[in-house]
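Trainee: After the sequence you'll find the predicted model.
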Amino acid sequence: MSSSLPFRHVDVFSERPYAGNGLIVVFGGVNEPAACLLLVAQELRQFETIFVEVLGGGGGVRARIFTAEEELPFAGHPIIGAAAALHERLWPDQAERRWLFEIAGRSIAVSSARSGDYYAAMMNQGRPEILQAVGDDERSAFAEALGIHERDLLPLPLQVISTGLPYLIVPVTPQGLERAHVVDDLGDQLASIGARFVYVLDPSAPEGRTWDNAGAVEDVATGSAAGPVVAYLDAHLEQAPRAEVRLHQGRFVGRPSVLTIKRGPDGGLMVGGAVAPVAAGEIDLPSPGMAGYVKC
């Protein structure tokens with residue numbers, strides 16, 4: 001017999017279901033082999049699946065995050081969605097909760113609160129790291145790889161910034177944002193400058209787009225990129241920093257999302273948004289008795 005684990009399906013960065021960024025929160029499984037959890041994530045086919053275990057009676061949470069391709073050391077919308085789902089599951093009558101997520105050796109403070117008919121959550125991404133800026137030759141190469149003209153690039157640096165995952169921020173005009181797409185796999189090109197993913201940004205909205213490096217899937221809302229975006233705006237645009245930034249994403253895939261970013265008193269960046277419930281159920285872990293399956 002395979003073991004079963006309860007799960008909650010939520011949409012993150014949206015006040016209503018069937019918008020925002022889909023997520024499966026699995027309650028348990030964090031000690032299972034990575035190959036087993038990857039199979040579960042591939043079967044559920046959301047942008048990410050997060051496996052969570054609450055430590056004791058407090059707010060400590062062990063977590064592991066998977067896409068359909070790999071385990072991630074950090075991602076934004078799974079942490080926010082998991083905090084909301086845990087709030088509903090464990091302390092539904094409390095107005096607010098505080099959590100400390102442990103992911104890949106990193107501790108991330110998160111708060112959740114009742115919001116409308118469900119919950120919203122916000123996490124502290126910490127202080128951003130301003131990393132490498134690309135040279136003129138690389139600007140042209142990245143514009144070509146993203147299917148845009150050099151005139152679509154704004155006269156601002158292409159900069160690598162990280163709050164856990166390093167993103168290359170590519171500032172573009174509104175027309176450039178509409179035209180952008182991944183022409184060829186970006187993995188090696190990004191790795192050469194110390195970036196993991198690309199984020200194409202129209203600062204005037206602000207609104208952004210990002211994809212897996214092969215360009216097969218466009219992300220709906222990218223929490224791990226929201227902190228780097230605000231750090232980029234602070235560093236390169238001549239404007240007084242706003243107390244709150246609302247970053248738009250997902251319009252081009254029909255799932256509009258809004259990410260809220262605030263500046264913490266310690267210089268860290270707080271990223272969060274609304275979460276909407278979609279479904280609940282149980283998932284059977286792969287059975288060790290079935291041919292070709294890993295042992296879970």
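Mentor: In hand now; what should we look at?

Trainee: Tell me the buried residues in stretch 40-50?
Mentor: By neighbour count, with 16 or more other C-beta atoms under 10 Å as the criterion, the buried positions of stretch 40-50 are 40, 41, 44, 46, 47, 48, 49, 50. All C-beta atoms are positioned from the backbone trio N, CA, C, and that covers glycine.

Trainee: Stretch 137-156 now?
Mentor: By neighbour count on 16+ other C-beta under 10 Å, the buried set for stretch 137-156 is 138, 139, 142, 143, 145, 146, 148, 152, 153, 154, 156.

Trainee: any weak-confidence spans in the stretch 1-150 of the chain?
Mentor: The model of the stretch 1-150 of the chain has pLDDT under 70 over residues 1-2.

Trainee: Apply 80 and report the result again.
Mentor: Within the stretch 1-150 of the chain, the stretches with pLDDT under 80 are 1-2, 57-58.

Trainee: What segments of it are helices?
Mentor: Under the criterion DSSP state H, counting those that start in this stretch, helices of the stretch 1-150 of the chain are mapped to 34-44, 76-90, 136-145.

Trainee: Mind putting those into JSON lines with distance to residue 205?
Mentor: Listed next are the helices of the stretch 1-150 of the chain as JSON lines, based on distance: least, C-beta to C-beta, whole Å:
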{"stretch": "helix 34-44", "distance to residue 205": "31"}
{"stretch": "helix 76-90", "distance to residue 205": "19"}
{"stretch": "helix 136-145", "distance to residue 205": "20"}
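
Trainee: nearest to residue 228, of those helices?
Mentor: Residue 228 lies closest to helix 76-90 among the helices of the stretch 1-150 of the chain, at 10.5 Å (C-beta to C-beta).

Trainee: Which one, of the helices of the stretch 1-150 of the chain, ends up nearest to residue 130?
Mentor: helix 136-145 (17.0 Å).

Trainee: Just the CA coordinates for the closest one, please, in CSV.
Mentor: This file holds the C-alpha atoms of helix 136-145, laid out as CSV (Å, rounded to 0.1, in the frame of the first residue of the first chain):
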residue,chain,number,x,y,z
ASP,A,136,27.3,46.2,-24.4
ASP,A,137,28.0,43.0,-26.4
GLU,A,138,26.0,41.0,-23.9
ARG,A,139,23.1,43.4,-24.1
SER,A,140,22.8,42.7,-27.8
ALA,A,141,23.1,39.0,-27.3
PHE,A,142,20.4,39.0,-24.6
ALA,A,143,18.1,41.2,-26.7
GLU,A,144,18.4,38.7,-29.6
ALA,A,145,17.9,35.7,-27.3
